[in-house]
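*Asks:* After the sequence you'll find the predicted model.
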Amino acid sequence: MARMTAWSYSRWRDYDDCPQKAKFKYVDKIKEPENDAMANGSACHDTAAAYLRADLPVNEPIPGWTYFEQLYRQLRELEPLVEQEWGFTSDWKPTGWFGNDTWFRSKLDSAVVYDDGSADVIDIKTGKPRPDQTAQQGELYAVSIFCRYPAVQLVTVRFWYIDLAQAGKEEVYRFSRDMAAGIIERWTKRAKRMLSDERMVPRPGTGCKWCFYAKSNNGNCKYG
């Protein structure tokens, strides 16, 4: 039976919610149409990326400007890595985004690697804060930096909630290199379990009512 052969945090999150949802989305390639929230998130990310690449004027207000103007300006001056697409093998070695040995994909909104052995990762968020998810996502951002930059010893991951309703909320997580081995071991076990799953059975629950693939939405699933 068909199964996933590579993963990312978003794929794992969908799988953890419901394996069959992940099957419909990533194995059967039944695309979920973009909704208003998804469109807003994409537009905000694209605009922030353009600003950080200096494709927009330095004084150009962008989403989140009200609360993050000074930080946006400082980050831009550091000439960050923007919209990075990093692939890794099953041994967590850097490789291409697509390839026969690509096992894990990590996409970073922006990052700065400093000469003092530290690094910052900044992820733009819209919508409702979900600290349980950002903590996990932060782990994968951190090990992505550690695996690509052997000299880095400390990674700070910052999630900027740029919606006006969030009043400039920021979540910050810090990871030292001595934490990397444990994080890698934990995520390797999760990924292997997911990628070896050929059944991908449904896990019905309260989230079914919002699922695109639910029966109530004329989807492919028999639940919801």
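*Replies:* Looks like it came in fine.

*Asks:* For the nearest residue to residue 25 once chain neighbours are set aside, grab the count of nearby residues.
*Replies:* In space, and not counting its chain neighbours, residue 25 is closest to residue 14: 6.1 Å by C-beta to C-beta, 6 or more residues apart in numbering. Placement of C-beta: from N, CA and C, glycine included. Neighbourhood size, residue 14 [other C-beta atoms under 10 Å]: 20.

*Asks:* show me the contacts for residue 14.
*Replies:* Shown in contact with residue 14 (C-beta atoms under 8 Å, 6 or more residues apart in numbering): 21, 22, 25, 26.

*Asks:* would CSV of those with secondary structure and neighbour count be doable?
*Replies:* Converted to CSV, the contacts of residue 14 look like this (DSSP: H, G, I helix; E, B strand; the rest coil; neighbours: other C-beta atoms under 10 Å):
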residue, secondary structure, neighbour count
21, helix, 25
22, helix, 24
25, helix, 20
26, helix, 21
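
*Asks:* In a markdown table, list these along with pLDDT and distance to residue 224.
*Replies:* Conversion of the contacts of residue 14 to a markdown table gives the following (pLDDT from 0 to 100; distance: C-beta to C-beta, whole Å):
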| residue | pLDDT | distance to residue 224 |
| --- | --- | --- |
| 21 | 96 | 10 |
| 22 | 97 | 15 |
| 25 | 96 | 15 |
| 26 | 96 | 19 |
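
*Asks:* now these as a markdown table including distance to residue 163?
*Replies:* Putting those into a markdown table (distance: C-beta to C-beta, whole Å) gives the following:
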| residue | distance to residue 163 |
| --- | --- |
| 21 | 25 |
| 22 | 27 |
| 25 | 25 |
| 26 | 28 |
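
*Asks:* Which of these sits closest to residue 78?
*Replies:* If you rank the contacts of residue 14 by distance to residue 78 using C-beta to C-beta, residue 26 comes first, at 34.8 Å.

*Asks:* circling back to that earlier point, wait, a helix at the residue nearest to residue 25?
*Replies:* Yes: note on residue 14: a helix contains this position according to DSSP: H, G, I helix; E, B strand; the rest coil.

*Asks:* Which residue ranges of the chain form strands?
*Replies:* Listed in chain order, the strands found in the chain under DSSP state E are 81-88, 94-95, 104-113, 118-125, 154-161, 170-176.

*Asks:* Make TSV out of those and add mean neighbour count, mean pLDDT and distance to residue 41.
*Replies:* TSV is the format used below for the strands of the chain (neighbours: other C-beta atoms under 10 Å; pLDDT from 0 to 100; distance: least, C-beta to C-beta, whole Å):
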stretch	mean neighbour count	mean pLDDT	distance to residue 41
strand 81-88	18	98	14
strand 94-95	14	98	27
strand 104-113	20	98	11
strand 118-125	22	97	8
strand 154-161	22	97	11
strand 170-176	16	97	16
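
*Asks:* for those strands, which one sits closest to residue 47?
*Replies:* Judging those by C-beta to C-beta, what sits closest to residue 47 is strand 118-125, at 9.4 Å.

*Asks:* The closest one - contacts with which helices or strands?
*Replies:* The helices and strands touching strand 118-125, judged by 3 or more C-beta pairs under 8 Å, 6 or more residues apart in numbering; DSSP states H and E, are helix 36-52, strand 104-113, helix 131-148, strand 154-161.

*Asks:* I appreciate the help and will end here.
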